[in-house]
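let's see this in three dimensions:
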Amino acid sequence: MVRGSGLIWLVALATLSSLACARPKPAIANATVERGRLAFTKYCATCHGAAGNGYAADNSPSLKTATFLASATDEFLRAGIGRGRPGTAMAGYARALGGPLVPEEIDAIIAFLRDGGPPRAALPAPRPPGDAKRGEVFYDATCSPCHGTPAQRKTAVHLANPVLLQTASDGYLRYAIENGRAPTSMIAWKAVLKPEQIDDVLAYLRSMAIPPPAPPPPPPPLAPRTAPVVLNPRGRTPQFTLKEDLYVSIDQVKQALDEKRRIVICDARAPSDWASLHITGAISTPYYEKRSLDDIPKDGTWVVAYCACPHHVSGEVVAELRKRGYKHTAVIDEGIFAWQSKGYPVVTPPTASPSAQWAPKPPPR
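Coordinates of the predicted model:
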C-alpha cells in the first residue's frame, strides 16, 4: 500500500506523464506546416486535391499515400516540386526556374505533406543490375497500361519522365514496386515477383532515361510584356462554336490564327512552363496570379486560355475573366500538348538537349 507523500508523488508523476503526451508541437513547426498548407492550397490543390490525395486533375498522383511518404526523401520531393515533370501538367515551381516558390516555401510544403505521416522507411539495399530486355517484356504487358510508354502517358505516374528517373533512386523505385501505393491500384508486387524479376524491371526503367531538357532562362513571376497582348489587333472577330458554353477546340483556334483574327491567347500555367513551351503569341497569365489579367482589354475581344491539364487551371483563368465581366472567353479544350502534337506553331527555347522537344502524348480522354 502507498501512503501519504508516496501517493502524492505517484499522482504527480502521472500528471507529468499525461502532460508530456499532450505536449503541443513547437510553435515554429506548426507555423511551418501552416505556411506549407497555405502554399499547397494556392499552387497544388488544383490538381493534387485539397488534402493531397491526388487525381483532382490530369491524373495527378496522391502525395499522401503512406508508402510514398515513407520512401521519398526530402531531396526527391524538392526536385519534384521545384523542377516539375517536363512533358506533363506538373510545372517547375522553383523561383530559380521562373516559378513562384522560394526554397523556404518548398520546404514548408514538404513539412505540410509529412505532417501526421509515416516515419521514413529503410530503402532496399542495392542489388546487381537486372536484364533490361526481360524487364521490357514484363513492363509492356503489365505496367504500361497504367504507367505508359516513353511516347504515351497514361493514368498513373509516367515512369519514363526524365526528371523522375534522374532524381529517383533505385531503392525508392524498388520500394514502390515491392510495397505498392495503397489505396491506389498499384499493388505490392513483392508477393508476385521474384527479386530478380524486379531487378529486370528496374533495368528497363533505367534504359528509358534521357537527359532532362535544359531549363530556359527564368522569367520573373510577372514578366513585363515583350510582345502584343492582342494578336492581329485589326483582324475580324473569330466565329467560335463552344462546347458546353466553355470549350473551344484547338482546330478552331488554329483557324482563327491562320485567318488573322483578333484574339488574346492566355497560358494559364506557371511562367517556367510558358518559358519552356507555349503557343506562338500566347501571353503568360499564371492561374495563381490574377494580376496577370489586368492588361487584357475588356472590349469584346475573344480571350482563350490553355494549360496542360488539359483544361483545369485554364478553367480557373476563364472563370476569373467571366467574373470580371469579359464577354467572349473560352478554354482551349485539348491543351498545349495536343496542340504541339498536331504540329501547330509553338515557341521553345534554343537548346542542344536531345529531350528539348520531348513531349509524350497526353493520356487518352
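
what is the neighbour count of Ile110?
Look at Ile110: counted by other C-beta atoms under 10 Å, it has 25 neighbours. Where C-beta positions appear, they are placed from N, C-alpha and C, glycine not excepted.

what helix or strand is it on?
In this structure, Ile110 sits in helix 103-114 according to DSSP states H and E.

which other residues reach that helix?
29, 32-33, 35-37, 39-40, 44, 52, 63-64, 69, 74, 77-78, 81-82, 93-94, 101 (C-beta atoms under 8 Å, 6 or more residues apart in numbering).

show me what counts as buried in the helix or strand following it.
The helix or strand immediately downstream of helix 103-114 is helix 132-138, counting by DSSP H and E. Buried residues in helix 132-138, counted by 16 or more other C-beta atoms under 10 Å: Ala132, Arg134, Gly135, Glu136, Phe138.

on that earlier part again, quick one: buried ones out of the contacts of helix 103-114?
Buried subset of the contacts of helix 103-114 (neighbour count, 16+ other C-beta under 10 Å): 32-33, 35-37, 39-40, 44, 52, 63-64, 69, 77-78, 81-82, 93-94, 101.

which residue packs closest to the residue nearest the centre of the chain, ignoring adjacent ones?
Nearest residue to the geometric centre of the chain (C-alpha atoms, centre = their mean): Met90, 2.5 Å. Distances taken as C-beta to C-beta, 6 or more residues apart in numbering place Gly84 nearest to Met90, at 4.6 Å, with adjacent residues excluded.

before we move on, what about Ile332?
Closest residue to Ile332 apart from its sequence neighbours, by C-beta to C-beta, 6+ apart: Tyr306 at 3.8 Å.

pLDDT score assigned to that neighbour?
We have a pLDDT of 98 for Tyr306.

ditto for the one 5 residues further on
In the prediction, the pLDDT value recorded for His311 is 83.

my read is that it contacts Val331, right?
Yes. Between His311 and Val331 there is a contact under C-beta atoms under 8 Å: 4.5 Å.

wait, what's in contact with the closest residue to His158 other than its chain neighbours?
In space, and not counting its chain neighbours, His158 is closest to Gly148: 5.4 Å by C-beta to C-beta, 6+ apart. Residues near Gly148 by C-beta under 8 Å, 6+ apart: Lys154, Ala156, His158, Leu159, Ala160, Pro360, Pro363.

measure Gly148 to Leu159 for me?
As judged by C-beta to C-beta, to the nearest Å, Gly148 and Leu159 stand 8 Å apart.

residue contacts, Pro124?
Asp170, Gly171, Arg174, Tyr175, Glu178.

what's the neighbour count on the last one?
To tie it back to what came earlier, the one meant is Glu178. For Glu178, the number of neighbouring residues by other C-beta under 10 Å comes to 17.

for the contacts of Pro124, pick the one with the most neighbours.
For the contacts of Pro124, the largest neighbour count, defined by other C-beta under 10 Å, is 23 neighbours, found at Arg174.

and it, what does it touch?
By C-beta under 8 Å, 6+ apart, the contact set of Arg174 is Leu123, Pro124, Ile198, Leu202.

can you name the helix or strand that it falls in?
Assigned by DSSP H and E, Arg174 belongs to helix 170-179.

OK, contacts around His278?
Asp267, Ser284, Ile336, Val346, Val347.

where's the dip in pLDDT among these?
The member of the contacts of His278 with the lowest pLDDT is Val347, at 91.

circling back: so for the residue nearest to His158, what's the pLDDT?
pLDDT recorded at Gly148 is 94.

if I pick Leu173, what's in contact with it?
Leu202, Leu205.

now do it against Gln197, distance only.
For Leu173 relative to Gln197 (C-beta to C-beta), the value is 14 Å.

cool, Ala45 as well?
Separation of Ala45 from Gln197 (C-beta to C-beta): 38 Å.

so where do the strands sit in the stretch 201-350 of the chain?
247-248, 263-267, 278-279, 283-284, 302-306, 329-332, 346-347 (DSSP state E, counting those that start in this stretch).

got it, and the stretch 1-150 of the chain?
Assigned by DSSP E, counting those that start in this stretch, the stretch 1-150 of the chain shows no strands.
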